[in-house]
Structure formats: C-alpha cells, structure tokens
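Trainee: I would like to see how this sequence folds:
(one chain, ligands or ions: 1)
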Amino acid sequence: MLIVKDISQNFGELPVLKNISFQVEDNEIVAVLGPSGCGKSTLLNIIAGLQKPKAGFVAGADHAISFVFQDDRLLPWRTVWQNISLVNDQENKEEIRNLIHDVGLENFEQYKPCQLSGGMKKRCGIARAFYYKSEILLMDEPFQGLDYCLRHEMLNMLLRVWNARKQAVLFITHEIDEAIIVANRILVLSGRPSKLVKQFILPPQGERNAKSNQLNEIRQEIISIIME
Ligand SMILES: Nc1ncnc2c1ncn2[C@@H]1O[C@H](COP(=O)(O)OP(=O)(O)OP(=O)(O)O)[C@@H](O)[C@H]1O
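Mentor: Below you'll find the model as predicted:
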C-alpha cells in the first residue's frame, strides 16, 4: 500500500501542491487527473523519492518502486530480453517469457530498441516495470503522443498484464478517457496550488461500458473540475 499524507510543494514563490493526501491499496490502479501544470509529475517525483516535499510524507513504498516514464528509457545496446531481465539480480526465465507473451513481444526477444516501433518499445518498458518486484508502479503519462488506436491497444495490453499480476499502480494522465478505461479509482486535482478535489470509484472492469450514463456523468464532472 502507498500512503501519501499532507504533501505540499513550492518552487520558490510558486505554490504547486497543497495538502495532498490519498492511499493506493495493493491490487489497485489509481489514476491522477488534473489541468496541465497543476503538479502531477511533481507529485510522482515526490512519491518516487526523486524530490523532497516542503511538507508531508510518503509511506509504504520505501524500497521498491517501479517507474514508467513518458520516454522509454531502454538501454539501446541491450535486447528486449536483456532490458527486462536486468532489473532483477536473479533471472526468472519463465516470468520473463510470460511477460513477453502478455505484452505481445514474442519473437522479438533478441531485438534491440532501435529495431522496435514506438509501441513495441512501450510494451518492453511495461514488461520491465512489472518484472521488477515493486510495491508500487508509477506511470507518468506512459502513452502520451501515441495515436488513438495505438493508445487503446496499449491500455488493453496494460490491463491484460495487470490482471495477471494485480499490483498497486499510480497512473498519471491528462486524458480522462484513458483514466476511465484503466483505473479502479480516479483522483482529480485542481489547478495550482493543487488540491485533491474529488475521487471517483469506477465500476469493476467487467461491468464497465464507456458509453454508460454513469461514466458520462463522471466524465462531465471531471471536465468541470479541470476547467474551473
Ligand atoms: N524543478 C522545478 N523547478 C521549478 N519549477 C518547477 C520544477 N518542476 C516543476 N515546476 C513547476 O511546477 C508546476 C507543476 O509542474 P508539473 O510538471 O509537476 O505539472 P504537470 O501537472 O505534470 O504538468 P503537465 O500535465 O503539463 O505535464 C509548473 O508550474 C512547473 O513550472
């Protein structure tokens, strides 16, 4: 479980985050939405321990955090297999094979990043993040810049991998529909200084219909919070 308690952050005179508190349970995908520049990446950097907050604390994920960034950060001189395997000391061949299968990279194990498409690099990054045994997986707009179809393919792939492993995921995005597809819970932040305005609990994946009135209402409410 991840506990974020009363986090505030300033950059000089600029107040960015104000008293942000929430938890992410094990086996839960929580999406964070908010207007551009409200401090989503700042929050993630604080949780990852890359930045110290002005106030508040983060608990529950001190030692084991996986991070998927907007860019792929694969080692260019390593193959797909090696990029995944290197995050753990002991190589678990079966788990790597399963992950490569689940992300759809079978037969590309020996390819290097320069031989992969953008989507394939994302798949490799996701496999690597799940292979590293972490308490929480942090994802900072991992599918930004991908076209609509590819983004949907990636979200389905993420859900497939997650369903087989169920781990705590904090997913930062500015795409409302992305959050509605992938998350169990959505946290909505206001503009700077950013506060946690509201959280939405989504219906279980199997019962979720993107066109349902319930999800439309959630979508509209999120839009009105973000546009305020
Ligand atoms: N290291 C830093 N030094 C000074 N200001 C910073 C620093 N990092 C972020 N900021 C400022 O903090 C605010 C929040 O930035 P952040 O990148 O966290 O927002 P975001 O919500 O992730 O934005 P976006 O959705 O556009 O990616 C911005 O005004 C930014 O200029």
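
Trainee: Around the ligand, which positions in this protein sit nearby?
Mentor: With CB under 6 Å from any ligand atom as the criterion, the chain meets the ligand at residues 11, 16, 34, 36-42, 174. Using the backbone N, CA and C atoms, a C-beta is placed for each residue, glycine as well.

Trainee: Show me which of these are buried.
Mentor: Among the residues of the chain next to the ligand, those classed as buried by 16 or more other CB atoms under 10 Å are 16, 34, 38-42, 174.

Trainee: give the contact list for the nearest residue to R208 once chain neighbours are set aside.
Mentor: Excluding its sequence neighbours, the residue lying closest to R208 (CB to CB, 6 or more residues apart in numbering) is L202, at 6.6 Å. Shown in contact with L202 (CB atoms under 8 Å, 6 or more residues apart in numbering): 180, 183-186, 208, 215, 218.

Trainee: Can you give me the buried ones in the strand or helix carrying M157?
Mentor: Per DSSP states H and E: M157 is located in helix 148-165. Neighbour counts over helix 148-165 (16+ other CB under 10 Å) mark 151, 153-155, 157-158, 161-162 as buried.

Trainee: Any chance of a markdown table for those, columns distance to K93 and pLDDT?
Mentor: As requested, these are exported to a markdown table (distance: CB to CB, whole Å; pLDDT from 0 to 100):
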| residue | distance to K93 | pLDDT |
| --- | --- | --- |
| R151 | 31 | 88 |
| E153 | 27 | 88 |
| M154 | 25 | 88 |
| L155 | 28 | 91 |
| M157 | 21 | 89 |
| L158 | 23 | 91 |
| V161 | 18 | 89 |
| W162 | 22 | 91 |
